[in-house]
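> model this:
(one chain, ligands or ions: 1)
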Amino acid sequence: MNNEDKSVKTFASNEQLSEQLCQRVSAQLSDAIAARGHAYLVVSGGNTPKPLFEKLSRTDIDWKHVTIMLADERWVLPDSNDSNDKLIKTVLLKNKAAKAHYISLYTGHEKAQNAAPVLSEQLNELPEFDVIILGMGDDGHTASLFPDCAELQQGLTANDAVIATQPTKAPYARVSLTKSRIMNSRNIYLHFCGENKLQVFKQVEESGKAILPIGEFLHQQQVPTEVYYAA
Ligand SMILES: O=C(O)[C@H](O)[C@@H](O)[C@H](O)[C@H](O)COP(=O)(O)O
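Numbering: from 1, shown residues only. Model (predicted):
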């Protein structure tokens, strides 16, 4: 591993990983509250983070001084089982974490591209995120920055905080944080599970460059980035 490689913490299960990541993230959120009076936590959707969300929801931190939001949203109705908004409200914003502030990326606009500028204005006003937890797909996408979507370069270069994307190999139009908004964070975590994703991660890591979107956040030295992997 060259010195640019990110530290990878490997766990036997997502349950064990989630326990450790919950402790780490909670401590950083509490430090942020102590230092600045408020903490900003950005999470990703999908299945991988569910055990982490359950544990975070039960963690005793000063949630009323935490704002939570998603790194991306599928453009589906909020009662859809594919809605990240529904996932967060169901699995994270409960128990002790019910006191947290939450900024939904689902604006109610008919189209994601009409929501993106409104969300950009709102999220550009926010300070540096304290913690952002990114997932990764088998294709190396993260948030909704997909290798095969026409909007990828815009997502990697725009100063806007949010863009609309339309992946070709995944369902739904989406809104996604851009690289510049993701990088405006104090701590980045990449959380993924399974051998397939591990091979993708190793391929990107060993290439030394951003051959897939996740590589934009692995091959950078500006923001401390830790990788949490479970078999
Ligand atoms: O809206 C989404 O789908 C997520 O934000 C996305 O980036 C996710 O992190 C990966 O697709 C991994 O999803 P799984 O954890 O379900 O494999």
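> OK, contacts around the residue of the chain found nearest the ligand?
With C-beta to the nearest ligand atom as the measure, G135 is the residue of the chain nearest to the ligand, at 2.1 Å. C-beta coordinates here come from the backbone N, C-alpha and C atoms, glycine included. For G135, the contact set (C-beta atoms under 8 Å, 6 or more residues apart in numbering) comprises 44-46, 48-49, 142, 190-192.
> cool, V200 as well?
Going by C-beta under 8 Å, 6+ apart, V200 touches 136, 138-140, 212, 214.
> Redo those residues as a markdown table? Include neighbour count and secondary structure.
Output for these, formatted as a markdown table (neighbours: other C-beta atoms under 10 Å; DSSP: H, G, I helix; E, B strand; the rest coil):
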| residue | neighbour count | secondary structure |
| --- | --- | --- |
| M136 | 27 | coil |
| D138 | 12 | coil |
| D139 | 16 | coil |
| G140 | 20 | coil |
| L212 | 22 | coil |
| I214 | 28 | coil |
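> what about the helices in this protein?
Ranges of helices within the chain are 14-36, 50-57, 84-91, 112-124, 152-157, 179-183, 195-207, 215-218, based on DSSP state H.
> Out of those helices, indicate the one that is most buried.
Most buried of the helices of the chain, by mean neighbour count (mean count of other C-beta atoms under 10 Å): helix 215-218, with a mean of 22.
> For that one, which outside residues touch it?
Outside helix 215-218, the residues that touch it by C-beta under 8 Å, 6+ apart are 5-6, 134, 140, 142, 145, 156, 179, 182-183, 188, 190, 201, 204-205, 207, 209-210, 223, 225, 227.
> Now with 7 Å, please.
Here helix 215-218 makes contact (C-beta atoms under 7 Å, 6 or more residues apart in numbering) with 6, 134, 142, 156, 179, 182, 188, 190, 204-205, 209-210, 225.
> what sits up against stretch 26-33?
39, 41, 56, 59, 61-62, 65-66, 130-131, 187.
> For the protein, what lies in contact range of the ligand?
Counting by C-beta under 6 Å from any ligand atom, the residues of the chain close to the ligand are 44-48, 71-72, 74, 84, 135-137, 141-143.
> Now F11: closest residue in space that isn't a chain neighbour?
L17 (3.9 Å; C-beta to C-beta, 6 or more residues apart in numbering).
> Tell me who's in contact with the one you found.
When contacts are counted by C-beta under 7 Å, 6+ apart, L17 touches 11, 228, 230.
> May I have the worst-scoring helix or strand of the chain on mean pLDDT as CSV, with CA atoms only?
The weakest-scoring helix or strand in the chain, judged by mean pLDDT, DSSP states H and E, is strand 7-11 (a mean of 93). These are the backbone C-alpha positions of strand 7-11, laid out as CSV (Å, rounded to 0.1, in the frame of the first residue of the first chain):
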residue,chain,number,x,y,z
SER,A,7,-6.3,3.0,6.1
VAL,A,8,-8.7,0.1,5.7
LYS,A,9,-10.3,-1.3,8.9
THR,A,10,-11.5,-4.9,8.2
PHE,A,11,-14.2,-6.6,10.2
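> Model confidence for the nearest residue to the residue of the chain closest to the ligand once chain neighbours are set aside, exactly?
Leaving aside its chain neighbours, G135 sits nearest to S44 (4.0 Å; criterion: C-beta to C-beta, 6+ apart). For S44, the pLDDT comes out at 98.
> try K6
The model reports K6 with a pLDDT of 76.
> list the contacts for it?
218, 225-227.
> Could you identify the buried members of those?
The neighbour count (16 or more other C-beta atoms under 10 Å) marks 218, 225, 227 as buried among the contacts of K6.
> Report the beta-bridge partners for the second one.
Spelled out, that is T225. T225 forms beta bridges with I188, as assigned by DSSP bridges.
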